[in-house]
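Colleague: take a look and give me a structure for this.
(2 chains)
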Amino acid sequence: MSDTNKAGERAADYAGFPDSTGHFGRFGGRFVPELLMAPLEELTEAYLRYREDPSFQEELHRDLRDYVGRPSPLYLAERWSDRIGGARIWFKREDLNHTGAHKINNTMGQALLAARMGKRRIVAETGAGQHGVASATVAARLGLECVVYMGAEDVRRQSVNVYRMRLLGARVVPVESGSRTLKDALNEAFRDWAANVDDTFYIIGTVAGPHPYPLMVRDFQSVIGRETREQMLERVGRLPDALVACVGGGSNAIGLFHPFLGDSDVRIVGVEAGGEGVDTGRHAAPLSAGRPGVLHGNRTYLMETEDGQILGTHSVSAGLDYPGVGPEHSWLRDTGRAEYVSATDGQAIDAFHEVTRTEGIMPALETAHALAYARELAAGMERDRHIVVNLSGRGDKDINTVAALQGMEL
Amino acid sequence: MSRIEQCFTSAREAGRKLLIPYITGGDPAPAETAALMHTLVDAGADLIEVGMPFSDPMADGPVIQAACERALAHGTTVRDVLAAVRRFRERDAHTPVVLMGYLNPIEQLGYETFAAEARDAGVDGVLCVDLPPEESHDLVDVLGKAGLAPIWLIAPTTRRERITAICDVARGYVYYVSLKGVTGADTLDVDDVAEHVDTIRGLTALPVGVGFGIRDAATAARVAAVSDAVVVGSAIVRLVGEHADDPAAGRKAVADLVRGMREAMDVRSQATA
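Modeller: Next up, the predicted model:
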């Protein structure tokens, strides 16, 4: 048998996960209160049906093209690559999507599914507000009622996105419980769903949660990797040597990585938020410094105390500020197929400034973590090598944070 | 016969329904839990559910979430809750105790360690809110070997086949969640509850407890009339929270509420006997 066939078999193996019960090895699964089991079964059944339904896929494809603006370009960051002096670095430009990030690939898919399932009300959680905006946007597009749960602390920090969601017709509910951040917003969104299962669809913003969310979100985001594959073959004539993406919950990363999992020559690196350093405890890097546990419906790496209480997280980027991670990433980490590293707040900020100045592209602070590591990786590689970074979002939302770090108030 | 079975059997023989209060272990402080459990028994509780606090109690409403936060502010661990049960057992050898909580703290302690220490502390059953039967094989196995009953929730959305599957692995009793939503949510529709309890009774010989939304003596009595046990959580936990600075006053308020429920339930069962 040729190598191509072997690679093909490996690809098929990765596509076969999660298994029918939602497990990626020991990770994933469905750990929810009994009340949510029936709606999750209903959702799984509907999703698996529409996943194979040409009319659903065609509708999604049309909206991704005409509304989101796909395919997103693959851009060679020439000046930045030259400056580093190593491998060529390409940006997959998810920042150019409608609403400015990869999030809408998923919300578009889930909202179309909600509409097909006859659910007229959607709920979503949000941290920095990007997923909330992407949810409110597609809700407006499809005429669905939208309620967004957001930690009270985040509501205060992200007032522009709160206003944006309200302009789009969404109701933003501040969550006052727990640490008043993203994880608490998820708890509250689950509670809403439990109380309103008959007419409500919960759009989870990342590739975590109970089965089928990790499967569904990965499928919707995989358009990133499929396009990248085609674009690289067309532009360079071969697959990239490495892929780099930031990992909070991990949806942009899994979207880029998944179509390449079977290509063993492609190195895959996820970059977590190192915060003030993973040795300080003030970070958001469960794959680098956490332990497996169960939270928000799935078994995965978590930041937790020895007693199993979930820890507060820290990152300069609100979008990475989450104590868990998608179960598929936990599995890829343990199987060794992907590597997970971290970049600190400071490294991310440096990369933010450098890429803004040399390429005229202002990346989201989440994305800047991936850029920080890509810089290090590229520097150690030959110039005929190629790295693709998922430029998962634009940085306009972060300029207040960046200005504050420079001692300015806008 | 286990303590839980004994409890249901003698209640049935006496023509009364079980009153099952829930408190969060470590709320308002770990040292208060054993005393509060005795208060509950003195006021008429038949079985006690003790919560193991968790930082992210997804199935609970604001009242019990706040209780978890109070308990965790004191650093309450699973072992602290077990220690409280052990102290309670020094003076009460017959009231069954069921631990209720989320999987992660149990998992971090380790299933075997948890089960062995819970049994030694005098625990009778374990209800893990976010562990559906599909994911529960390992824990159920370990609990079974330790002689601890796995208790399960059944929801209004649970279909017949699932009810059967849940009752197959359940021991002691099953707990019907009387409304959609989280603990401490709106008041419930007793006719609707009666219908669901009848469905469950058609599928299992296990006693059926009902909880969620039972706040006052009148509702407790009406739910008792259509079930085997009434579970009261948020209404009690709210009183504990309101008196967090004065635990003795909290115990008195809780005792008044529980005693009122007990009396209303007993009057009703005598009236219908």
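Colleague: every contact and neighbour count from this point should use C-alpha atoms.
Modeller: Fine.
Colleague: ok, now which ones touch the nearest residue to residue B:20 once chain neighbours are set aside?
Modeller: In this structure, residue B:20 finds its nearest non-sequential neighbour in residue B:231, 4.6 Å apart by Cα to Cα, 6 or more residues apart in numbering or on different chains. Neighbouring residues of residue B:231 by Cα atoms under 8 Å, 6 or more residues apart in numbering or on different chains: B:19, B:20, B:21, B:22, B:209, B:210, B:211, B:212, B:214.
Colleague: element containing residue B:231?
Modeller: strand B:229-232 (DSSP states H and E).
Colleague: mind listing the strands that strand pairs with, and their directions?
Modeller: Strand partners for strand B:229-232, identified by DSSP bridges, are recorded as strand B:18-24 (parallel), strand B:208-211 (parallel).
Colleague: let me have those in CSV, extended by distance to residue A:249 and mean pLDDT.
Modeller: Formatted as CSV, the strands paired with strand B:229-232 follow (distance: least, Cα to Cα, whole Å; pLDDT from 0 to 100):
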stretch, distance to residue A:249, mean pLDDT
strand B:18-24, 31, 98
strand B:208-211, 35, 96
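Colleague: how about those in a markdown table, adding mean neighbour count?
Modeller: Converted to a markdown table, these look like this (neighbours: other Cα atoms under 10 Å in any protein chain shown):
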| stretch | mean neighbour count |
| --- | --- |
| strand B:18-24 | 27 |
| strand B:208-211 | 26 |
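Colleague: in a markdown table: these, plus distance to residue B:267.
Modeller: Listed next are the strands paired with strand B:229-232 as a markdown table, based on distance: least, Cα to Cα, whole Å:
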| stretch | distance to residue B:267 |
| --- | --- |
| strand B:18-24 | 13 |
| strand B:208-211 | 19 |
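Colleague: what distance do you get for residue B:268 to residue A:189?
Modeller: 39 Å (Cα to Cα, to the nearest Å).
Colleague: neighbour count: these two, which is higher?
Modeller: Set residue B:268 next to residue A:189 and count neighbours by other Cα atoms under 10 Å in any protein chain shown: residue A:189 wins out with 27 against 17.
Colleague: what sits against the more buried one?
Modeller: Going by Cα under 8 Å, 6+ apart, the list of residues near residue A:189 reads A:123, A:124, A:125, A:148, A:149, A:202.
Colleague: next up, identify which helix or strand it is on.
Modeller: Per DSSP H and E: helix A:182-195 holds residue A:189.
Colleague: what about dumping the CA coordinates of that helix to PDB?
Modeller: Output in PDB follows, covering the C-alpha atoms of helix A:182-195 (Å, rounded to 0.1, in the frame of the first residue of the first chain):
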ATOM      1  CA  LEU A 182     -17.500  33.600  31.000                       C
ATOM      2  CA  LYS A 183     -17.800  30.400  32.900                       C
ATOM      3  CA  ASP A 184     -20.600  31.800  34.900                       C
ATOM      4  CA  ALA A 185     -22.300  33.000  31.800                       C
ATOM      5  CA  LEU A 186     -22.200  29.400  30.500                       C
ATOM      6  CA  ASN A 187     -23.800  28.200  33.700                       C
ATOM      7  CA  GLU A 188     -26.600  30.700  33.300                       C
ATOM      8  CA  ALA A 189     -27.200  29.900  29.600                       C
ATOM      9  CA  PHE A 190     -27.500  26.200  30.500                       C
ATOM     10  CA  ARG A 191     -30.000  27.200  33.200                       C
ATOM     11  CA  ASP A 192     -32.100  29.200  30.800                       C
ATOM     12  CA  TRP A 193     -32.100  26.300  28.300                       C
ATOM     13  CA  ALA A 194     -33.200  23.900  31.100                       C
ATOM     14  CA  ALA A 195     -36.100  26.200  31.900                       C
END
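Colleague: distance from the chain centre to it, please.
Modeller: 19 Å (Cα atoms, centre = their mean, to the nearest Å).
Colleague: hmm, the following helix or strand past it in reach of chain B?
Modeller: On the C-terminal side of helix A:182-195, the closest following helix or strand by DSSP H and E is strand A:200-203. No: Strand A:200-203 lies out of reach of chain B by Cα under 8 Å from any Cα of the partner chain, never closer than 12.6 Å.
Colleague: what about the residue nearest to residue B:85 when sequence neighbours are not counted, distance to residue B:84?
Modeller: Distances taken as Cα to Cα, 6+ apart put residue B:121 closest to residue B:85, at 6.0 Å, once the chain neighbours are dropped. According to Cα to Cα, residue B:121 stands 9 Å off from residue B:84.
Colleague: many thanks, we can stop here.
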